[in-house]
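>>> Below are the sequence and a predicted model; questions follow.
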Amino acid sequence: MSVLSDSLNMIRSTKTEKIIIALSGGKDSILTLDLCAQVFPPENIECFFMYFVKHLDCIDRVLNYLVDRYKVKLHYVPHFLLANFYKHGVYRPKVISLMDTADTRIQDIKTYIRDLTGIEWMAFGLKKCDGIHRALQLKGHEVDFKMKTVYPIANWKHYEVVNYLKMIKMIELPVFTTKKNKLKAMTEAAPTLESALCLKQLYPSDYQKMLEKFPFLEAAVKREEFKEERNRDNIREPEFIQEIEVSEI
């Protein structure tokens, strides 16, 4: 049985009439959407995207294309880590009013989306080949009837995902790679130094949007740029030698 037919059988085995898809705009989530679209009519598919900064142009370009191509409904929800970043002051001032609240989890987002849509079953684009922890997580749980969750591409290899997306003539995805920074997926447009460096070089307008929410990122970026400039010019930090006088006894 091919991975394609295996995936479609996984989705059909849920015996649900509607499904929610976690859509990041990356290759794996796009493949998951395409597979679900072969089983469900568009009006029975709803997607959600978890953002750190809402409506970055480089991401919205792909999400808008997918909504138009598959005619599905898309919900924008804050990333489950976003409140924690605000609470603990990650690259921004702390939000004091959040200090006594519990850290949010992915399960909180799942519960919210299920309540919002009234749909129980969810599909995620996770693969066993993504790493040993992912393989252990998914083994025997490709279709989790207890948690109402299906992982249709659990058994796909990376090259199979890439080849399939080429076959269906999928839109070219945004590049999040610079000379010194390689990010795995567009979901990594998060408030991190690596993401900020890529945005500044490749998507400057989105970099400014990032700084509006996480202003302290600019200091980290400038510090990294200074280090690169210093290394390029071969400038060494000054060495301070302290002379110690030793008296004879």
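Received it, and whenever you're ready, just let me know what you need.

>>> just so I have it, where are all the strands in the protein?
19-22, 45-51, 73-78, 122-123, 143-144, 149-150 (DSSP state E).

>>> And Glu172, what's its pLDDT?
Glu172 carries a pLDDT value of 82.

>>> ok, so what distance separates it from Lys127?
21 Å (CB to CB, to the nearest Å). C-beta here means a position set from N, CA and C on the backbone, and glycine is covered the same way.

>>> out of those two, which sits in the busier spot?
Neighbour comparison, Glu172 and Lys127: the larger count goes to Lys127, with 20 against 8 (by other CB atoms under 10 Å).

>>> Where does the prediction get shaky in the chain?
Applying pLDDT under 70 to the chain picks out residues 1, 175-188, 233-249.

>>> where do the helices sit along it?
For the chain, the helices defined by DSSP state H cover 3-13, 27-37, 57-70, 82-88, 106-117, 132-138, 158-167, 193-202, 204-213, 217-232.

>>> on that earlier part again, would a markdown table of the strands of the chain with distance to Leu4 and mean neighbour count be doable?
Listed next are these as a markdown table, based on distance: least, CB to CB, whole Å; neighbours: other CB atoms under 10 Å:
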| stretch | distance to Leu4 | mean neighbour count |
| --- | --- | --- |
| strand 19-22 | 17 | 26 |
| strand 45-51 | 18 | 21 |
| strand 73-78 | 25 | 15 |
| strand 122-123 | 15 | 26 |
| strand 143-144 | 16 | 17 |
| strand 149-150 | 15 | 24 |
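
>>> possible to save those strands as TSV with distance to Lys222?
Formatted as TSV, the strands of the chain follow (distance: least, CB to CB, whole Å):
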stretch	distance to Lys222
strand 19-22	35
strand 45-51	25
strand 73-78	28
strand 122-123	41
strand 143-144	46
strand 149-150	43
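
>>> can you tell me which of the ones you listed comes nearest to Lys227?
Between Lys227 and the strands of the chain, the tightest spacing by CB to CB is seen for strand 45-51, at 29.7 Å.

>>> Next, the residues that contact the closest one from outside, please.
18-25, 33, 36-37, 59, 63, 66-67, 70, 72-80, 82, 109, 113, 117, 119, 187 (CB atoms under 8 Å, 6 or more residues apart in numbering).

>>> And stretch 140-148, by the same measure?
Met10, Ser13, Thr14, Glu120, Trp121, Met122, Thr149, Val150, Tyr151, Pro152, Ala154, Asn155.

>>> Just the buried subset of those, please.
Met10, Thr14, Trp121, Met122, Thr149, Val150, Tyr151, Pro152, Ala154, Asn155 (16 or more other CB atoms under 10 Å).

>>> beta partners for the closest residue to the fifth one other than its chain neighbours?
With CB to CB, 6 or more residues apart in numbering as the criterion, Thr149 has its nearest non-adjacent residue at 5.2 Å, and that residue is Met122. Legend: beta-bridge partners of Met122 under DSSP bridges are Ile20, Thr149.

>>> for the helices of the chain, which one ends up most surrounded?
Across the helices of the chain, the average number of neighbours (mean count of other CB atoms under 10 Å) peaks for helix 27-37, which reaches a mean of 23.

>>> and Gly131, how many neighbours?
By other CB under 10 Å, 10 other residues sit near Gly131.

>>> Not counting its neighbours along the chain, what's nearest Glu142?
Ala154 (4.5 Å).

>>> Any figure for the gap between Val67 and Ile45?
Distance of Val67 to Ile45, computed by CB to CB: 11 Å.

>>> what is in contact with these two at once?
Shared contacts of Val67 and Ile45, counting by CB under 8 Å, 6+ apart, come down to Lys73.
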